[in-house]
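Novice: Here is a sequence with its predicted model. Questions after.
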Amino acid sequence: MSTEAKSLHSVGVRMKRKEDPRFLQGKGNYVDDLSFPGMLYLSLVRSTYPHAEIKSIDISEAMKVPGVKAVITGKDLEAAGLGWLPTFHGFDKQMVLAIGKVLFQYQEVAAVFAETRAAAVDGAEAVVVDYAPLPVVADPFTSKTDTVLLRPDRESKTNHIFHWEVGDKDGTARAIASSPKRIKQRLWFQRCHPAPLEPCGCVAYFDTMGRLQFHVTSQAPHVYRTALSLVTGIPEDKIHVISPDLGGGFGNKVPVYPGYVCAIVGALKIGRPVKWIETRTENLTSTGFARDYHMDVEIGATADGKVTALHVATTADHGAFDAAADPSKYPAGIFGIVTGSYAFPVAHAEVDAYFTNKAPGGIAYRCSFRVTEASYAIERGMDILADELGMDAVELRKKNFIRKDQFPYPSALGFTYDSGDYHKTLDVALEKIGYAALLKEQAEKRARGELMGIGVSTFTEVVGAGPSKHFDILGIKMFDSAEIRIHPTGAGIVRTGAKSQGQGHETTWAQVVAEELGLDPQTVMVEEGDTDTAPYGLGTYASRSTPVAGAAIVMAARRIREKARRIAAHLLEVGEADVEWTDYKFQVKGVPTRTVTMKEVAFAAYTNMAQNEPGLEATYYYDPPNMTYPNGAYVSVVDVDRETGETKVRRFVAIDDCGVVINPMIVEGQVHGGLTEGFAMAFIQEIQYDAEGNNLNTNFTDYLVPTSLETPHWETGNTVTPSPHHPMGAKGVGESPNVGSPAAFVNAVIDALSPLGIRHIDMPLSRDKVWRAIRDAEAMKGK
Amino acid sequence: MKIHVTVNGVAYDRDVEPRMLLAYFLREECRLTGTHVGCDTSSCGCCVVVLDGTRAVKSCSMFAVQADGHEILTVEGLAQGGTLHALQQGFWDQHGLQCGYCTPGMLLTAYALLQHQPNPTEADIREGLSGNLCRCTGYQNIVKAVQQAAATLGQPVGATK
């Protein structure tokens, strides 16, 4: 309305990031940048075998290495009651250092503490471990037979970890059996690794008060504090967890790793600070992997393409320990979102998880707990169904979308979708990419034998865990929190239980506070990651920052506004009921000339507060009433070289509905990054194990991160259906592109190959795999 | 071994182990922690610094002793007199960074690139940065950042100052 109001508008603005000047000048504060007097370095001895009995560990030569101060093994930890670490999922435990046997290659076997980084590595190399190899279980299907029992330490003498299911089993089976059209396809979402560029690490020491000071790469510092207290018995007030700047996380920095525990034990035992920074190889081979779901997808439909039922049965490879960081009631995460954007009358999803001799994990890699797997299953499934029906994949989707007027929509698997306009979002994407013209071009190319494909993915995510009645980690409900203090001059500070790993919280949170309170975002400081100062929160993963902590910030700001209204009434010399908040300031109702700004109120809160309690601050713990349901329509166009199998992604359009956008620049950046990670999974990334359990992708020369050369050009856009229950209408975006894009790439490649009769190829769609599929298909056809 | 290395115009005389990598020399001896280490195989480029003014090198692939008598430019030396270098400004303006971990290596690689190719095409930039991994940005805004910097630095002398 007025020019002042416009200048104070903070949400929806492409504000440059407040954190950038320090990163741009090399002044970031990452954990390996920390140094303390007398600091020792920790290096871990790791298993060379995937499964073996440990006959002996000889540390005598290691202790002779100059600079080595101590070596500890699993036996030492066991004696101290620290041999095992509970996993965040709560139903299993993990060896800190191997006790009796090793269960995966690169498992932690001994910890060496030394004066320098190099001496620690020298010491680790001098530790002699005598192994007696045991039979290896390298895949979940072998594991299922229980021929080799991997975890005799557990009460239940089987490799089967859990069976989880949701939905109407019999009704789904009947509906599929009686459907005139049916498809069934096994889809494997291969094992991947988040691989943030900064590996995991920590520095631990006990200060002069005997208090544990623990600097660690953690996406959830408060949960770490509580977990450490529970595991070690150190009272929680004697533990200070500080998560400094994080060089990416993507879910990899959620679990507590053995190296952290060893660093703390070393600091306690030796009485000096201990630093542990994992190498890239250690990161890729031992810390939280993602996916590794073998999904059998069945869809029933009418002859004219109306879906009737969905059944997905998954065999999950969880590795040596059940370390999937899922909420305790959700052993398969939020896989129930597998009905996607479609109105399935009935559905049934089940997951069976097994131990194998592989690294533990199954973490939510840029994904709200198995949502990426679920989204891939349904979006591939719909394309396969379209192929079966001889129907355009876009038409099939439109025919089965949950309609705009059906929200809030109760899904067959128990979710209440909050909002969306799937038809519109898809239309925007099709318009932007020029779908009609592409179809025409494709028909012409097909006539010439050229392989061009168009792939669509119209996904729905479920994020923002979550309502406390459903979601907890180790019993702690998944709320989040914010504390805001406004200083006398109208500057302020906001602290949350979330933890940025590059998402730009220092900017977006300042924008949110500024918007709610009519302040300058440049003078609102954001602080996260320090358990001594931040209110308790569950951290940043599963796209929960904006839906949960962001909502807490809004609610805390509104509490401040309520108090400020009373002070404003005093300043305006009217009753509180006569004051309204309009155009970012308080005004006497109906009298636009009589106003006070929040800045003036802030000063009064410390200098002229009348009968009001001094000060201007508030805390809010937000328990979300529902999850949010970000969604999007992604369209990809590819050209596949028939002779080499090489795929070129010619175009990629991503239209996201993440609700109200706080900072369009940051949202766009998140989408670019997530699409690039989705591209990586679709085409080049996989953690492979051979039949003997050897990890074949142990560094960046084997586990490929796309470079600037391969990465396609991204075209982005938004539709906005505000979340009806989030106080700002926001839904979260960081994970959408990672969740939604793999299917768009694969659908495009398979569309290109469909004239050859190819219906599916598992990711990654590497050149050789695609080339082989083309060769085999041509051989079948007799060319 | 005793070495004499000039980093960002400051002379460092140190006695180092022959096996000390230049990256750790910068980080731990010079306490310039802007140079990062992200892998063990010279793949990620987080550790790139500029040697003798024009050559981008991965400081994890060079021993400190090999830098004896040479000049090194690290990210800490880019801004001059409180003013960001055009590349730093470009990365800020174009949202060319998120977690910031790859950023120093990207900046220094781009710095050397612009020394050799003051007017790079998008393809030149993508080729030039292909030894530097970024896990957050998808590179698109990094390319724009380098283009902005090239345009700023390429303005006629006098126009920028």
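Specialist: Cool, got the structure.

Novice: what about the nearest residue to residue A:524 once chain neighbours are set aside, distance to chain B?
Specialist: In space, residue A:524 comes closest to residue A:510 once its chain neighbours are excluded; the distance is 4.0 Å by CB to CB, 6 or more residues apart in numbering or on different chains. In this view, the C-beta of every residue, glycine as well, is placed from N, C-alpha and C. Noted for residue A:510: a distance of 16 Å to chain B, by CB to the nearest CB, to the nearest Å.

Novice: Ignoring the adjacent residues along the chain, who's closest to the residue of chain B found nearest chain A?
Specialist: Across chain B, the shortest distance to chain A (CB to the nearest CB) belongs to residue B:34, at 1.9 Å. Spatial nearest neighbour of residue B:34, excluding adjacent residues (CB to CB, 6+ apart): residue A:26 at 1.9 Å.

Novice: One more: residue A:760?
Specialist: Take residue A:760 and drop its neighbours on the chain: the residue closest to it by CB to CB, 6+ apart is residue A:185, 5.8 Å away.

Novice: got a list of what the spatially most central residue of chain B touches?
Specialist: Central residue of chain B (CA atoms, centre = their mean): residue B:108, 1.9 Å from the mean position. With contact set as CB atoms under 8 Å, 6 or more residues apart in numbering or on different chains, residue B:108 has these partners: B:48-50, B:56, B:73-75, B:78.

Novice: now, which of these lie close to chain A?
Specialist: B:74-75, B:78 (CB under 8 Å from any CB of the partner chain).

Novice: three-state assignment of the spatially closest residue to residue A:33 that is not a sequence neighbour?
Specialist: Nearest non-adjacent residue to residue A:33, counting by CB to CB, 6+ apart: residue B:33, 3.8 Å away. Here residue B:33 is coil, with the state taken from DSSP: H, G, I helix; E, B strand; the rest coil.

Novice: show me where chain B has strands.
Specialist: B:2-7, B:10-15, B:48-51, B:55-58, B:71-73 (DSSP state E).

Novice: Once you drop chain neighbours, what's closest to the residue of the stretch 501-650 of chain A at minimum distance from chain B?
Specialist: Nearest residue of the stretch 501-650 of chain A to chain B: residue A:502, at 2.9 Å (CB to the nearest CB). With sequence-adjacent residues excluded and distances taken as CB to CB, 6+ apart, residue A:502 is closest to residue B:99, at 2.9 Å.

Novice: Compute the distance between the one you found and residue A:536, please.
Specialist: Going from residue B:99 to residue A:536 by CB to CB, to the nearest Å gives 24 Å.

Novice: So for the two, which residue has more residues nearby?
Specialist: Comparing residue B:99 with residue A:536 by other CB atoms under 10 Å in any protein chain shown, the one with more neighbours is residue B:99, at 29 against 16.

Novice: So that one sits against residue A:217, correct?
Specialist: No. Using CB atoms under 8 Å, residue B:99 is not in contact with residue A:217, being 11.1 Å away.

Novice: so what sits against both of these two?
Specialist: A:198, A:246.

Novice: got the CA coordinates for stretch A:278-293 in PDB?
Specialist: Taking C-alpha atoms only, stretch A:278-293 is exported to PDB below (Å, rounded to 0.1, in the frame of the first residue of the first chain):
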ATOM      1  CA  GLU A 278      37.200 -38.900   8.300                       C
ATOM      2  CA  THR A 279      38.800 -39.300   4.900                       C
ATOM      3  CA  ARG A 280      36.600 -39.400   1.800                       C
ATOM      4  CA  THR A 281      37.100 -43.200   1.700                       C
ATOM      5  CA  GLU A 282      35.900 -43.500   5.300                       C
ATOM      6  CA  ASN A 283      32.900 -41.300   4.500                       C
ATOM      7  CA  LEU A 284      31.800 -43.300   1.400                       C
ATOM      8  CA  THR A 285      32.400 -46.800   3.000                       C
ATOM      9  CA  SER A 286      31.200 -46.500   6.500                       C
ATOM     10  CA  THR A 287      28.900 -43.600   7.200                       C
ATOM     11  CA  GLY A 288      25.100 -43.500   6.300                       C
ATOM     12  CA  PHE A 289      24.400 -44.700   2.800                       C
ATOM     13  CA  ALA A 290      20.900 -44.300   1.300                       C
ATOM     14  CA  ARG A 291      18.300 -46.200  -0.700                       C
ATOM     15  CA  ASP A 292      19.100 -49.900  -1.600                       C
ATOM     16  CA  TYR A 293      15.400 -50.700  -2.000                       C
END
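
Novice: now that stretch: mean pLDDT?
Specialist: Per-residue pLDDT over stretch A:278-293 has a mean of 97.

Novice: again, but for stretch A:309-319
Specialist: Stretch A:309-319 shows an average pLDDT of 98 in the prediction.

Novice: How about stretch A:234-245 and chain B, touching?
Specialist: Yes. For stretch A:234-245, a contact with chain B is found by CB under 8 Å from any CB, at residue A:245.

Novice: In CSV, list the C-alpha atoms belonging to that stretch.
Specialist: The C-alpha trace of stretch A:234-245 is given here as CSV (Å, rounded to 0.1, in the frame of the first residue of the first chain):
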residue,chain,number,x,y,z
ILE,A,234,27.5,-38.1,31.5
PRO,A,235,24.8,-35.8,32.9
GLU,A,236,23.2,-33.8,30.0
ASP,A,237,24.2,-30.4,31.6
LYS,A,238,27.8,-31.6,31.4
ILE,A,239,27.6,-31.9,27.6
HIS,A,240,28.0,-29.0,25.2
VAL,A,241,27.4,-29.9,21.6
ILE,A,242,28.4,-27.3,19.0
SER,A,243,27.7,-27.9,15.3
PRO,A,244,29.8,-25.3,13.5
ASP,A,245,29.5,-24.5,9.8
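
Novice: what comes up buried for that stretch?
Specialist: A:234, A:239-245 (16 or more other CB atoms under 10 Å in any protein chain shown).

Novice: Quick one: those residues as CSV, columns for secondary structure too.
Specialist: Converted to CSV, the buried residues of stretch A:234-245 look like this (three-state DSSP):
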residue, secondary structure
A:234, coil
A:239, strand
A:240, strand
A:241, strand
A:242, strand
A:243, coil
A:244, coil
A:245, strand
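
Novice: nearest to chain B, of those?
Specialist: residue A:245 (6.8 Å).

Novice: isn't that closest one right next to residue A:32, touching?
Specialist: No. With contacts counted by CB under 8 Å, residue A:245 stays clear of residue A:32, the gap being 10.6 Å.

Novice: For chain B, just list every one of the helices.
Specialist: Assigned by DSSP state H, chain B shows helices spanning B:22-24, B:86-93, B:103-116, B:122-128, B:140-154.

Novice: what's the answer for the stretch 51-200 of chain A, then?
Specialist: Using DSSP state H, counting those that start in this stretch, the helices assigned to the stretch 51-200 of chain A run over residues A:60-64, A:74-79, A:117-126, A:140-144, A:169-177.

Novice: now these as TSV including mean neighbour count?
Specialist: Listed next are these as TSV, based on neighbours: other CB atoms under 10 Å in any protein chain shown:
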stretch	mean neighbour count
helix A:60-64	14
helix A:74-79	18
helix A:117-126	20
helix A:140-144	19
helix A:169-177	16
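
Novice: With respect to chain B, which of the ones you listed lies nearest?
Specialist: Nearest of the helices of the stretch 51-200 of chain A to chain B, taken as CB to the nearest CB: helix A:117-126 at 6.6 Å.

Novice: Endpoints of stretch B:53-62, how far apart?
Specialist: By CA to CA, to the nearest Å, the extent of stretch B:53-62 from end to end equals 16 Å.

Novice: helices or strands next to the helix or strand encompassing residue A:672 in the packing?
Specialist: Assigning secondary structure by DSSP states H and E places residue A:672 in helix A:664-683. Contacts defined by 3 or more CB pairs under 8 Å, 6 or more residues apart in numbering or on different chains; DSSP states H and E place helix A:664-683 against strand A:647-657, strand A:715-718, helix A:736-753, helix B:140-154.

Novice: tell me which residues in that helix are buried?
Specialist: For helix A:664-683, the neighbour count (16+ other CB under 10 Å) marks A:665-683 as buried.
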